[in-house]
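K.L.:
any chance you can model this:
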Amino acid sequence: MPGGGLPDGEGRLTVRKAWIAAGIAVSSTLAFVMLLAVGVYVIAGNLAGGVGGGAGKALAKGSVPAAYQALVQKWGNYCPAINPALLAAQLYQESGFNPKAQSQAAAQGIAQFIPGTWATHGIDGDGDGDRDVWDPQDAIPSAAAYDCALASYVKDVGGNLTENMLASYNAGAYAVIKYGGVPPYEETQNYVKRIRALEESFAAPVGRVDPSRQAAGAIAYAQKKLGTLYLWGGNGTPEQGGRFDCSGLTKAAYESVGIELPRVANDQYNAGPHPDRDELLPGDLVFFSDDLTNSRAIRHVGIYVGGGYMIDAPRTGAVIRFDPIDTPDYFGATRVTEDGAKALPTTV
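P.N.:
Residues are numbered from 1 along each chain as shown. Sure, this is the predicted structure:
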């Protein structure tokens with residue numbers, strides 16, 4: 001991301017030597033890595049996709065800022081129609097976890113309540129005697145309580161209760177009751193799909209995370225950029241001499257296979273589910289941060305290629321190169337999905 005990168009301290013010559021050394025270290029396995037990536041790409045085409053749901057989903061490590069994690073975990077289990085990952089997805093979609101957010105439609109706070117809805121559904125979540133829409137201690141519990149109220153209105157409608165609740169949030173409970181489920185409104189159907197996809201990016205994985213279908217193509221793109229000099233804010237345009245920063249490289253790599261990622265690394269983290277370190281596959285995005293409790297503090301990203309290495313654009317003065325991922329600031333990984341990337345808000 002702009003401003004991101006690994007620590008300074010080595011000169012241009014040393015950087016190039018380090019890159020060459022790293023290249024030698026992994027060159028014997030790179031062909032195997034690429035074959036593995038191609039295999040992953042082919043195998044993934046035969047796997048059934050889909051978004052899971054249901055109560056009890058734990059939050060992925062650091063996916064919610066530490067200040068709000070306990071609140072989201074607690075209130076995300078307020079009723080069976082919601083879960084912590086779903087509640088986190090809604091808050092991220094609404095405000096990017098910004099407690100001071102305010103929209104042109106007068107929606108306020110971390111959960112973006114409009115005044116009329118807050119007057120009816122706002123609760124005193126922290127028990128201090130007031131209901132403050134700007135206080136996450138009130139607004140996050142109120143968001144959960146509002147979801148559960150909507151779920152109670154449509155509990156007798158057939159289909160998936162969580163998706164009917166989300167449709168009620170967008171189009172009103174009456175429309176869900178009228179159509180016997182998610183109504184045939186494009187905006188509402190897209191909203192439900194978007195939140196369910198984002199839910200996966202905030203949930204700790206349970207079992208296998210399906211391989212990315214586009215992994216091989218993204219790696220192949222990044223491999224062609226090895227040796228290119230870093231440029232802060234670089235998107236690889238001709239005007240920039242084809243140079244990148246870290247998130248510019250990962251964005252371009254996935255754009256080459258038809259997936260549009262956000263520009264900055266901490267938003268790219270939410271483009272899919274999060275495999276554990278021992279479950280990484282080539283093509284996964286790997287992230288680094290000085291605050292391992294908060295995905296919003298992520299400052300660097302690379303593309304995993306196997307064998308404990310990534311391709312990344314490290315910092316000013318360095319070139320795109322192979323780097324090890326097992327460093328103290330390793331935060332976690334994301335397996336990019338088309339639905340996950342499409343679900344991300346354009347501004348957070």
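K.L.:
wouldn't residue 124 be in contact with residue 135 here?
P.N.:
No: with contact defined as CB atoms under 8 Å, residue 124 does not count as touching residue 135 (9.7 Å). No exception for glycine: its C-beta is placed from N, CA and C like everyone else's.
K.L.:
what's the local residue count around residue 124?
P.N.:
15 (other CB atoms under 10 Å).
K.L.:
where does it fall, helix, sheet strand or coil?
P.N.:
Assigned with DSSP: H, G, I helix; E, B strand; the rest coil, residue 124 falls in the coil class.
K.L.:
so what's it up against?
P.N.:
Residues near residue 124 by CB atoms under 8 Å, 6 or more residues apart in numbering: 130, 131, 138.
K.L.:
for the first one, give me its contacts.
P.N.:
Pointing back at residue 130 there. Contacts of residue 130 by CB under 8 Å, 6+ apart are 124, 138.
K.L.:
pLDDT score for it?
P.N.:
The confidence metric pLDDT takes the value 95 at residue 130.
K.L.:
in stretch 279-294, what's buried?
P.N.:
280, 281, 282, 283, 284, 285, 286, 287, 288, 289, 292, 294 (16 or more other CB atoms under 10 Å).
K.L.:
I'd like the residues you listed laid out as a markdown table, including pLDDT and distance to residue 222.
P.N.:
As requested, the buried residues of stretch 279-294 are exported to a markdown table (pLDDT from 0 to 100; distance: CB to CB, whole Å):
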| residue | pLDDT | distance to residue 222 |
| --- | --- | --- |
| 280 | 94 | 15 |
| 281 | 93 | 15 |
| 282 | 93 | 10 |
| 283 | 95 | 10 |
| 284 | 96 | 12 |
| 285 | 97 | 11 |
| 286 | 98 | 12 |
| 287 | 97 | 15 |
| 288 | 97 | 16 |
| 289 | 95 | 21 |
| 292 | 92 | 25 |
| 294 | 90 | 26 |
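K.L.:
and those, which two are furthest apart?
P.N.:
The largest separation in those, counting by CB to CB, is between 282 and 294 at 27.1 Å.
K.L.:
surely residue 220 is in a helix?
P.N.:
Yes: counting by three-state DSSP, residue 220 falls inside a helix.
K.L.:
where along the chain do the helices fall?
P.N.:
Along the chain, the segments classed as helices by DSSP state H run 12-44, 66-75, 84-95, 115-121, 136-153, 161-171, 173-179, 186-202, 215-224, 246-255, 265-268, 338-343.
K.L.:
and of those, who's closest to residue 102?
P.N.:
Between residue 102 and the helices of the chain, the shortest gap by CB to CB is with helix 84-95, which sits at 9.2 Å.
K.L.:
which helices and strands does that closest one pack with?
P.N.:
helix 66-75, helix 136-153, helix 186-202 (3 or more CB pairs under 8 Å, 6 or more residues apart in numbering; DSSP states H and E).
K.L.:
quick check: angle from it to helix 161-171?
P.N.:
On the basis of axes from the mean of the first three to the mean of the last three CA atoms, to 10 degrees, helix 84-95 is oriented at 10 degrees to helix 161-171.
K.L.:
now helix 84-95: how far from the chain's centre is it?
P.N.:
11 Å (CA atoms, centre = their mean, to the nearest Å).
K.L.:
residues in contact with that helix: which ones?
P.N.:
With contacts defined as CB under 8 Å, 6+ apart, helix 84-95 is touched by 53, 57-60, 63-64, 68, 72-73, 75-77, 97, 101, 107, 109-112, 140, 143-144, 147, 162, 194-196, 198-203, 270, 345, 348.
K.L.:
can we see that at 7 Å?
P.N.:
57-59, 63-64, 72-73, 75-77, 97, 101, 110-112, 140, 143-144, 162, 195, 198-199, 202-203, 270, 345, 348 (CB atoms under 7 Å, 6 or more residues apart in numbering).
K.L.:
can you turn the buried part of those into a PyMOL selection?
P.N.:
To isolate the buried members of the contacts of helix 84-95 in PyMOL, using 16+ other CB under 10 Å:
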select buried, resi 57+59+63+64+72+73+75+76+77+97+101+110+111+112+140+143+144+162+195+198+199+202+203+270+348
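K.L.:
any low-confidence regions in the stretch 1-150 of the chain?
P.N.:
Residue ranges of the stretch 1-150 of the chain with pLDDT under 70: 1-56.
K.L.:
right, I'll leave it there.
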